[in-house]
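> only geometry, no sequence info:
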């Protein structure tokens, strides 16, 4: 069976330090987890039961082998460019006592010196997009010229194949060698999306608004805008209406990957219901509720991928929650 969802972008190692620890401590304690927003979305969608493929670039190293093995174990098909002379990226992540995290840097000081910064357009030429309904990408790769060209090539191929383009803003300034270039590049990229997903903080930073409806007006090509606000809930704005839902209250341990899991829940539901379901307010309310449950359950354990729920867990959780 061909995969209806293709996720393209970084697959990396999240090095989560114990709560209160940092790399500057004399003897910090940490655990390495597989991560990267496109990889997180891919594994969450696959766990929910929708066939998914990941396109990425990794180092020809043990970490790259481990990531491919881990992602494939979740049911994701991997089409990975291996880069011999550059390592797989490791991101350093601090957590506070509420479970919220902060990305503070990498295992090497130069953000361009990792394999995912060098995904090539030639590799994208090998990707068969026949039958792909959704191409999911972020914006971090735009920081690196080679990967940015590969992303543009993938976008063009997907649009020619009739796929919908889903873009997650995913603002992480540590990835950008020159952060001043980011706003214009990201805005231009969002202008090509059929569906935009971003957090409230990202919306305020880039667009000076936290209104999903206003964002939809700024990007008229987008048929829907998803705005998440952590424990405050989420909003979906289409060309016809805006709908907000509160978040589920859970005892979060680690919020890493919660937004990615939320987006995965939406895409899984779109694959089940069809793109035209975005025109139906009741259907969107159900999709938001489902995606919110996927995101909430992902915060109950450390690690973005390890904590992602099964469809049975989502249904059982929703059965206990009032509408």
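The structure has been received and is ready for your questions. Keep in mind the model is a prediction, meaning the values are calculated, not measured.
> and residue 48, how many neighbours?
Using other Cβ atoms under 10 Å, the number of residues around residue 48 comes to 24. The C-beta positions use only the backbone N, C-alpha and C, and glycine is treated the same way.
> was I right about it contacting residue 314?
Yes - Residue 48 is within contact range of residue 314, at 7.3 Å (criterion: Cβ atoms under 8 Å).
> next, show the common contact partners of the two.
265, 294 (Cβ atoms under 8 Å, 6 or more residues apart in numbering).
> show me where this protein has helices.
Using DSSP state H, the helices found in the chain span residues 37-48, 62-73, 121-124, 145-160, 182-190, 200-207, 212-218, 258-273, 281-298, 311-319.
> redo those helices as TSV? Include mean pLDDT and distance to residue 113.
Below are those laid out as TSV (pLDDT from 0 to 100; distance: least, Cβ to Cβ, whole Å):
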stretch	mean pLDDT	distance to residue 113
helix 37-48	97	20
helix 62-73	97	14
helix 121-124	98	19
helix 145-160	98	13
helix 182-190	98	19
helix 200-207	97	26
helix 212-218	97	34
helix 258-273	97	25
helix 281-298	97	30
helix 311-319	97	39
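> kindly reformat these as a markdown table containing distance to residue 131.
Supplementary listing: the helices of the chain in a markdown table, determined by distance: least, Cβ to Cβ, whole Å:
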| stretch | distance to residue 131 |
| --- | --- |
| helix 37-48 | 15 |
| helix 62-73 | 20 |
| helix 121-124 | 17 |
| helix 145-160 | 11 |
| helix 182-190 | 25 |
| helix 200-207 | 31 |
| helix 212-218 | 29 |
| helix 258-273 | 12 |
| helix 281-298 | 22 |
| helix 311-319 | 22 |
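> ranking the ones you listed by burial, who's on top?
Across those, averaging neighbours per residue (mean count of other Cβ atoms under 10 Å) puts helix 37-48 on top, at a mean of 29.
> now that helix and helix 281-298, what's the angle there?
Angle, helix 37-48 to helix 281-298, by axes from the mean of the first three to the mean of the last three Cα atoms, to 10 degrees: 100 degrees.
> elements contacting helix 37-48?
strand 5-8, strand 52-59, helix 62-73, strand 134-137, helix 258-273, helix 281-298, helix 311-319 (3 or more Cβ pairs under 8 Å, 6 or more residues apart in numbering; DSSP states H and E).
> could you check the angle strand 52-59 makes with it?
Using the same axes, to 10 degrees: helix 37-48 against strand 52-59 is 140 degrees.
> what's in contact with helix 37-48?
5, 7-12, 52-54, 56, 67, 71, 74-76, 136-138, 140, 168, 170, 257, 260-261, 263-265, 267-268, 294, 298, 304-305, 308-311, 314.
> ok, now with 7 Å
5, 7-11, 52, 54, 56, 71, 74-76, 136-138, 168, 170, 257, 260-261, 263-264, 267-268, 294, 304-305, 308, 310-311 (Cβ atoms under 7 Å, 6 or more residues apart in numbering).
> between it and helix 258-273, how many degrees?
50 degrees.
> which stretch among the helices of the chain comes nearest residue 107?
helix 62-73 (9.5 Å; Cβ to Cβ).
> next, the angle helix 37-48 makes with that closest one.
Using the same axes, to 10 degrees: helix 62-73 against helix 37-48 is 30 degrees.
> mind giving me the packing neighbours of helix 62-73?
Secondary-structure packing of helix 62-73 (3 or more Cβ pairs under 7 Å, 6 or more residues apart in numbering; DSSP states H and E): strand 30-35, helix 37-48, strand 52-59, strand 77-83.
> so which of those is nearest residue 184?
Per Cβ to Cβ, nearest to residue 184 of the helices and strands packed on helix 62-73: helix 37-48, 21.0 Å.
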